[in-house]
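Q: Build me a model from this:
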Amino acid sequence: MSFRMVVTGVFRVAASGRTVVTGRVEHGSLRVGDRVEMVRAGVSVPTTVKGLEVAAKITCEILRGEDAGVLIDDVEGFSIREGDVLSRP
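A: Predicted coordinates for the structure are as follows:
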């Protein structure tokens with residue numbers, strides 16, 4: 001797996017149809033525009049990274065060990081919750 005982050009927080013941005021997930025990057029790196037998957041119990045749903053934030057600053061890349069916020073397109077039919085995994089295979 002080239003990127004892995006366990007979700008510790010979920011915040012819906014209702015007006016934009018997007019969601020911010022937060023957590024600590026456990027493995028790899030991630031950039032705006034990357035295709036990722038939300039994973040839970042063997043079910044994975046694709047989405048796209050629309051924005052990244054570290055230490056209250058917008059950034060174009062997040063790295064292993066950083067606590068980050070990741071703005072993604074809403075995942076239709078999949079209710080994101082704490083403990084889900086954001087990954088890029």
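Q: only C-alpha atoms for contact and neighbour calcs from this point on.
A: OK.
Q: What distance do you get for the spatially most central residue of the chain to Arg31?
A: Nearest to the geometric centre of the chain sits Val70, at 4.5 Å (C-alpha atoms, centre = their mean). In this structure, Val70 and Arg31 are 10 Å apart, going by C-alpha to C-alpha, to the nearest Å.
Q: where do the contact lists of the two overlap?
A: Shared contacts of Val70 and Arg31, defined by C-alpha atoms under 8 Å, 6 or more residues apart in numbering, comprise Val49, Leu52.
Q: for this protein, what helix or strand is lowest in average pLDDT?
A: In the chain, no helix or strand scores lower on mean pLDDT, DSSP states H and E than strand 9-13, which sits at a mean of 92.
Q: check contacts around the residue nearest to Glu53 when sequence neighbours are not counted.
A: Nearest non-adjacent residue to Glu53, counting by C-alpha to C-alpha, 6 or more residues apart in numbering: Gly69, 5.0 Å away. Counting by C-alpha under 8 Å, 6+ apart, Gly69 makes contact with Val20, Val21, Thr22, Gly23, Leu52, Glu53, Val54.
Q: Who is Arg35 paired with across the strands?
A: Beta-bridge pairing for Arg35 (DSSP bridges): Thr48.
Q: next one: Ser29
A: Leu63.
Q: Enumerate every residue touching it.
A: If you count contacts by C-alpha under 8 Å, 6+ apart, Ser29 has them with Ser2, Phe3, Glu61, Ile62, Leu63, Arg64.
Q: redo that, cut-off 7 Å
A: Phe3, Glu61, Ile62, Leu63, Arg64 (C-alpha atoms under 7 Å, 6 or more residues apart in numbering).
Q: ok, it to Val36 distance?
A: Relative to Val36, and taking C-alpha to C-alpha, Ser29 is found at 12 Å.
Q: what does Gly65 give?
A: Going from Gly65 to Val36 by C-alpha to C-alpha gives 18 Å.
Q: And those two? Which one has more around it.
A: Between Gly65 and Val36, counted using other C-alpha atoms under 10 Å, the more crowded position is Val36 (20 against 14).
Q: Could you check how far the more buried one is from Val45?
A: As for Val36, its distance to Val45 is 8 Å (criterion: C-alpha to C-alpha).
Q: got it, and Asp74?
A: Between Asp74 and Val45 the distance is 10 Å, computed by C-alpha to C-alpha.
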